[in-house]
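Chemist: got a structure for you, letters missing:
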């Protein structure tokens, strides 16, 4: 690993957890892997959020979801 990367890493690790999370999000976004796919996922997230906010669907806890899936596949 280059010394520049090591220096950046050391500085990043001094950030608060919230700041590190924000930095990670920005770094991942900067990779620009596949903009159409990222846009489609963002639209899907927004659609699902609207459904929850409008009461069209309700949230299920993780353990509940796993239990329901296990019951379906028995």
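Modeler: Right, received. Where do you want to start? All values reported here derive from a predicted model rather than from experimental measurement.
Chemist: can you list the neighbours in contact with stretch 33-49?
Modeler: For stretch 33-49, the surrounding residues in contact (Cβ atoms under 8 Å, 6 or more residues apart in numbering) are 29, 57. Backbone N, C-alpha and C define where each C-beta goes, glycine included.
Chemist: show the average pLDDT along that stretch.
Modeler: The average pLDDT for stretch 33-49 rounds to 90.
Chemist: tell me the mean pLDDT for stretch 58-66?
Modeler: What stretch 58-66 shows for mean pLDDT is 95.
Chemist: starting at the chain centroid, how far to it?
Modeler: Distance, stretch centre to chain centre, for stretch 58-66: 18 Å (Cα atoms, centre = their mean, to the nearest Å).
Chemist: quick one: contacts of that stretch?
Modeler: Residues outside stretch 58-66 that contact it (Cβ under 8 Å, 6+ apart): 52, 68.
Chemist: now do it: distance from first to last residue.
Modeler: In terms of Cα to Cα, to the nearest Å, the two terminal residues of stretch 58-66 are separated by 16 Å.
Chemist: go through it and flag the buried ones.
Modeler: Using 16 or more other Cβ atoms under 10 Å as the test for burial, stretch 58-66 gives no buried residues.
Chemist: same check on stretch 37-46?
Modeler: Result for stretch 37-46 [16+ other Cβ under 10 Å]: no buried residues.
Chemist: also stretch 22-29?
Modeler: In stretch 22-29, counting by 16+ other Cβ under 10 Å, buried: nothing.
Chemist: report the mean confidence score over it.
Modeler: Averaging pLDDT along stretch 22-29 yields 91.
Chemist: the domain parsing of this protein - what is it?
Modeler: Per automatic domain parsing, the structural domains of the chain span 1-31, 35-74.
Chemist: helix, strand, or coil at the residue nearest to the spatial centre of the chain?
Modeler: Closest residue to the average C-alpha location of the chain: residue 25 at 8.3 Å, with Cα atoms, centre = their mean. Under DSSP: H, G, I helix; E, B strand; the rest coil, residue 25 falls in the helix class.
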